[in-house]
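Visitor: just need the structure, nothing else, for what follows:
(one chain, ligands or ions: 1)
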Amino acid sequence: MTTLYQSRTGQPKIHPYEQRGLGTAPYRFVGVRKNVYSPVPEVQQPGGTCSYCGTGILFEFCIRSSEGKEYTIGSECIRKVDSEIYQPSEFILALRNHERDQRHDRETRQLAELTPIFFSPEYQQLFDGQPHPNKFYAEQGSTKWDYMKFCWNASGSRGKIAMGKMAKKRLAE
Ligand SMILES: [Zn+2]
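Guide: The predicted structure is shown next:
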């Protein structure tokens with residue numbers, strides 16, 4: 001049996017999950033979880049599978065069909081299906097949280113890579129001999145490197161990543 005859904009344009013439609021054989025509409029959003037597969041500690045791979053398209057997924061958006069069966073859907077398919085049919089606010093909220101987590105993970109990785117480059121002796125020595133841009137501090141014997149360290153410490157993650165990228169580029173020249 002198929003259940004027809006009102007799409008945003010008012011046309012009755014078969015729910016795409018249902019078309020894929022994932023039980024019967026209506027669906028309820030249950031939550032989102034991270035599923036990491038780590039065969040060895042250094043390797044982190046998506047541990048889940050999207051029930052809708054079969055892709056390996058790290059973040060599983062769980063839905064429950066009217067029969068009470070649960071399925072896990074990837075964020076891409078959630079987005080695709082949602083924009084077509086219906087956007088329960090929890091989906092969007094969970095998707096936003098998921099995107100924030102992804103951004104956070106990416107920033108953590110970038111900082112781990114770029115921090116040692118910024119603080120490498122090779123980069124430091126480019127500025128060590130130059131005076132601090134502020135005359136007062138320059139007269140106290142502070143260097144441009146002191147200034148750069150100050151800027152680093154005063155910056156948030158995005159600022160540090162930008163400075164780290166600059167260092168990486170400069171050292172590659
Ligand atoms: Zn999918």
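Visitor: element containing Val32, please.
Guide: Val32 is part of strand 28-34 when elements are defined by DSSP states H and E.
Visitor: so what touches whichever helix or strand comes after that strand?
Guide: Where DSSP H and E defines the elements, the next helix or strand beyond strand 28-34 is strand 36-37. Residues outside strand 36-37 that contact it (C-beta atoms under 8 Å, 6 or more residues apart in numbering) are 44-47, 58. All C-beta spots, glycine's among them, are computed from the backbone N, C-alpha and C.
Visitor: one more: stretch 117-135?
Guide: With C-beta under 8 Å, 6+ apart, stretch 117-135 has contacts from 138, 140, 142-148, 152, 160, 163-164, 167-168, 170-171.
Visitor: before we move on, back to that, and which of the contacts of strand 36-37 is nearest to the ion?
Guide: Nearest to the ion among these is Pro46, at 11.3 Å by C-beta to the ion.
Visitor: neighbours around that closest one, how many?
Guide: By the measure other C-beta atoms under 10 Å, the count of residues near Pro46 is 17.
Visitor: please apply the same query to Ser65.
Guide: 19.
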